[in-house]
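Engineer: predicted structure and sequence below. I'll ask about it afterward.
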Amino acid sequence: MNDFKTDLERAEFNRVIWHSRRGMLELDLVLEPFVRNSYRLLDADGQALYRRLLSCEDQELYNWFLKKEPATDAGLISMIETILTANRERTQQL
């Protein structure tokens, strides 16, 4: 899935990959596979929501992905579930 239409699109994707690398290995293992395999399949609103998720603190993301506490934003809850589902499906295919 390296067929970028423009250099700007490639640069934006690389920026999202870079921001998906976090300070916690546990988050890297969730976010990086999602962004590499599924991010470009999202519509523009979904991509914007994913980028908004990346603006959250690592500890919040960790708690949300491990279901230690729920996110309070419905959009973020939806994106978290999308990421977990996509990663679950990907590992089942391996």
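Structural biologist: Cool, got the structure. Residues are numbered from 1 along each chain as shown.
Engineer: CA atoms for contacts and neighbours, from now on please.
Structural biologist: OK.
Engineer: max-length helix in this protein?
Structural biologist: helix 74-93 (DSSP state H).
Engineer: and the average pLDDT for it is what?
Structural biologist: Helix 74-93 carries an average pLDDT of 93.
Engineer: tell me which residues in it are buried?
Structural biologist: For helix 74-93, the neighbour count (16 or more other Cα atoms under 10 Å) marks Leu76, Met79, Ile80, Thr82, Ile83, Leu84, Ala86, Asn87 as buried.
Engineer: can you read off the pLDDT for the residue nearest to the fifth one when sequence neighbours are not counted?
Structural biologist: In this structure, Ile83 finds its nearest non-sequential neighbour in Phe34, 6.2 Å apart by Cα to Cα, 6 or more residues apart in numbering. The per-residue pLDDT reported for Phe34 equals 97.
Engineer: can you classify Phe34 by secondary structure?
Structural biologist: When classified by DSSP: H, G, I helix; E, B strand; the rest coil, Phe34 comes out as helix.
Engineer: my guess is it contacts Thr82, does it?
Structural biologist: No: between Phe34 and Thr82 there is no contact under Cα atoms under 8 Å: 9.2 Å.
Engineer: list the contacts for the residue nearest the centre of the chain?
Structural biologist: The chain has Leu31 as the residue nearest its centroid, 4.6 Å off, counting by Cα atoms, centre = their mean. With contact taken as Cα atoms under 8 Å, 6 or more residues apart in numbering, Leu31 is in contact with Ser20, Arg21, Ile83.
Engineer: what residues are up against Trp64?
Structural biologist: With Cα under 8 Å, 6+ apart, Trp64 has these contacts: Pro70, Ala71, Ile80.
Engineer: quick one: buried residues of stretch 13-31?
Structural biologist: With burial defined by 16+ other Cα under 10 Å, the residues of stretch 13-31 counted as buried are Phe13, Val16, Ile17, Ser20, Arg21, Arg22, Leu27, Val30, Leu31.
Engineer: helix, strand or coil for the first one?
Structural biologist: Spelled out, that is Phe13. Phe13 ends up helix, using three-state DSSP.
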